[in-house]
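>>> please find the sequence and the predicted model below.
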Amino acid sequence: MARKYWLMKSEPDAYSFDDLMAEPEQTACWDGIRNYQARNFMMEMKVGDYVLFYHSNAKPPHVAGTARVARESYPDHTQYDKKSKYYDPKAPADAPRWQMVDLQAMEKLPRPVSLNELKENPRLTEMRVTQKGQRLSVQPVTRKEFDEVLRMAKK
DNA sequence: GCCAACGTTGGC
DNA sequence: GCCAACGTTGGC
């Protein structure tokens, strides 16, 4: 089965690529996704898929690094944690509503690639993150798009 | 801080 | 099932 490629957003003030790099084994669970479309994409992920780690709400917003899927989707424990801001009182105890994956950091990009650069690159016009009003925090990208972002980071 | 775009909720 | 109200995302 061919590897798939994804883009995942995080606000660096909340959790940055460097934070992921600093984790034991550079690996962490991606909890807190509370959007069905984003969750469904995570449930499609397989170990070894590659991820562009995108910093939203940054100045400017940018792709910061790459990661790989280290564990396929499993229930997000924060939905049952009343002290968590991700607590979901409607999640049935026997049927988890929300799932997460584990991500392992791979490489920090040689330089960040800004959203504006992505928008200006004619090869990336189909990328969802470059399209207006596209807020989805987990989105598929093509291999060509993934490779193109890496190529841009090396110039 | 503003606000457009979008998703969710809940009354009817 | 419709849709207004509301909440969130996230660029600017």
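Yes, it's here.
>>> mind listing what's buried in the longest helix along chain A?
Counting by DSSP state H, the longest helix found in chain A is helix A:143-153. The neighbour-count check on helix A:143-153 (16 or more other C-beta atoms under 10 Å) flags A:145-146, A:148-150, A:152-153 as buried. Using the backbone N, CA and C atoms, a C-beta is placed for each residue, glycine as well.
>>> before we move on, which element is the spatially closest residue to residue A:129 that is not a sequence neighbour in?
Of all residues beyond its chain neighbours, the one nearest residue A:129 is residue A:7 (5.8 Å), with distances taken as C-beta to C-beta, 6 or more residues apart in numbering. Assessed by DSSP states H and E, residue A:7 sits inside strand A:5-10.
>>> residue A:41 too?
Judged by DSSP H and E, residue A:41 forms part of helix A:36-44.
>>> strands paired with the strand holding residue A:7, and their directions?
Partners of strand A:5-10 in the sheet, by DSSP bridges, are strand A:50-55 (parallel), strand A:138-141 (antiparallel).
>>> roughly how far is whichever helix or strand comes after the longest one from the heart of the chain?
Tracing the chain C-terminally past strand A:50-55 and defining elements by DSSP H and E, one meets strand A:62-75 next. Centroid separation between strand A:62-75 and its chain, computed with C-alpha atoms, centre = their mean, to the nearest Å, is 6 Å.
>>> now strand A:62-75 and helix A:143-153, what's the angle there?
Per axes from the mean of the first three to the mean of the last three C-alpha atoms, to 10 degrees, the angle that strand A:62-75 makes with helix A:143-153 is 140 degrees.
>>> is strand A:62-75 positioned near DNA strand C?
No. Using C-beta under 7 Å from any atom of the strand, strand A:62-75 stays clear of DNA strand C, with a minimum separation of 8.9 Å.
>>> so what strands line up beside that strand?
Here, using DSSP bridges, strand A:62-75 pairs with strand A:50-55 (antiparallel), strand A:99-114 (antiparallel).
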